[in-house]
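Q: A structural model of the following input is requested.
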Amino acid sequence: MRNPEPAQLKRPRFTHLLMVQSGIVLVVALVSALMGGESAALSALLGGLVCLLPNAYFAWRVFRFQGARFARDIVKSFYRAEAGKFGLTAALFTLVFVAVPPSNPAFFFGAYVATLSAQWLGPWLLRRPSHT
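A: Sure thing, here's the model as predicted:
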């Protein structure tokens, strides 16, 4: 059985997507602070982090292998990363609602959806620049 090596090729620029999502979290938290005060800002910040942290985990895990000879490992890492992302999302939702219940669920879910919607920019942000 072969022991796969991590990718030596250039990974997709997923950090751009994560930075955009981080910016959205901060902007939504700031707008929430102006509209609803400190408790609304905390709710928005928690909602954005519940979305951002699993996405960061997924990006870190999914792009470990590249190349045709690692096709099976690529598929396995994708499914493991997606399962981990789902589990982490469920755990973070549970943790937030048990340990620190959001004072304003509208800001919490609004920040979650706004951060999640940044994934629509993924194909544009992950595109590699052309050298031609």
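Q: before we move on, which element is the closest residue to residue 18 other than its chain neighbours in?
A: Spatial nearest neighbour of residue 18, excluding adjacent residues (Cβ to Cβ, 6 or more residues apart in numbering): residue 56 at 5.6 Å. C-betas here are computed from N, CA, C, even on glycine. In this assignment (DSSP states H and E), residue 56 forms part of helix 38-62.
Q: Mind checking the pLDDT average for that helix?
A: Mean pLDDT, helix 38-62: 91.
Q: Identify all contacting residues around stretch 25-45.
A: 47-49, 51-52, 100, 102-105, 107-108, 110-111, 114-115 (Cβ atoms under 8 Å, 6 or more residues apart in numbering).
Q: and what of stretch 48-62?
A: 14-15, 17-18, 21-22, 24-26, 28-29, 77-78, 80-82, 84-86, 88-89, 92-93, 96, 111-112, 114-116, 119.
Q: Pull out the buried members of these.
A: With burial judged by 16 or more other Cβ atoms under 10 Å, the buried subset of the contacts of stretch 48-62 is 14, 17-18, 21-22, 24-25, 28-29, 77-78, 81, 84-85, 88-89, 92-93, 96, 111-112, 114-116.
Q: which residues of the protein fall in helices?
A: In the chain, the helices defined using DSSP state H lie at 14-36, 38-62, 71-99, 105-117, 122-126.
Q: Now tell me which of those helices the model trusts least on average.
A: helix 122-126 (a mean of 66).
Q: tell me the contacts of residue 19?
A: Residue 19 neighbours (Cβ under 8 Å, 6+ apart): none.
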